[in-house]
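In: can't give you the sequence, but here's the structure:
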């Protein structure tokens, strides 16, 4: 039994969502967490989760939304977080990849959502791209747990996050030959890792460049088992237990 702790599942990306979910379940994935991180994706994600026992949700505003989110939208988010099958708040965070012109707005939105997560006692899913120092320093201001989504940093950074109680979201990038993520995974310990796909993005080898899906989780597991020199069954059990310890899959 596998858990995909982070994916994006919508009609915009997939022609037949029912078929996608069927194939995911047939591959051994029993729980799938959709991350809806823009206002216009919340209701569709909630609807999909209500129709499928295996689907759970995290909702939050991605840092790319910082220029468009005000108090009204944050009120809507808080209301939506009372929906059934919500297991976390995210993905939220900071992204300076294309510049820091709206850095202050991103930080303000991030902090407001972190405060909301504290109030609602929800784990968070953190997006951090080219913003590691700011992300770490801000997270230190709050007493939260969660996942550092799509982690691709150094072992030193991984140790900082895990010492703060966060899990590292590991997906298809671990299979890429030009990534150092395998070394991080080997040295950080599986107790700190959860599996994710970030589908439809970042499909693992041998499907790199194609549309991703939760059904490819076993290929991520295979790579981790090789890197850590343990059985795929052990990777499956440990990462699934980690996901269940973090998210309330009712």
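Out: Thanks, I have the structure now. Everything numeric in this text was worked out from a predicted model, so none of it was measured.

In: quick one: the spatially closest residue to residue 228 that is not a sequence neighbour from residue 84, how far?
Out: Closest residue in space to residue 228, ignoring its immediate chain neighbours: residue 186 at 5.7 Å, by CB to CB, 6 or more residues apart in numbering. In short, each C-beta sits where N, CA and C put it, glycine included. When distance is defined by CB to CB, to the nearest Å, residue 186 is 39 Å away from residue 84.

In: Looking at these two, which has the bigger crowd around it?
Out: residue 186 (15 against 10; other CB atoms under 10 Å).

In: I figured that one hits residue 230, correct?
Out: No: using CB atoms under 8 Å, residue 186 makes no contact with residue 230, being 10.5 Å away.

In: Which helix or strand contains residue 128?
Out: Assigned by DSSP states H and E, residue 128 belongs to strand 124-129.

In: Can you report how many residues lie near the closest residue in space to residue 222 that isn't next to it in sequence?
Out: Leaving aside its sequence neighbours, residue 222 sits nearest to residue 232 (CB to CB, 6+ apart; 6.0 Å). Using other CB under 10 Å, residue 232 has 14 other residues around it.

In: Where is the longest strand in the protein?
Out: strand 86-95 (DSSP state E).

In: Check which helices and strands it is in contact with.
Out: Using 3 or more CB pairs under 8 Å, 6 or more residues apart in numbering; DSSP states H and E, the elements in contact with strand 86-95 are strand 29-36, strand 55-59, helix 103-120, strand 124-129, helix 132-139, strand 146-148.

In: Run through the neighbouring helices and strands of the last one.
Out: Here strand 146-148 is seen to pack against strand 86-95, strand 124-129, strand 166-170 when contacts are counted using 3+ CB pairs under 8 Å, 6+ apart.

In: And the helices and strands packed on strand 86-95: which comes nearest residue 213?
Out: strand 29-36 (9.2 Å; CB to CB).

In: Strand partners (parallel or antiparallel) of the closest one?
Out: Strand 29-36 pairs in its sheet with strand 2-7 (parallel), strand 55-59 (parallel), by DSSP bridges.
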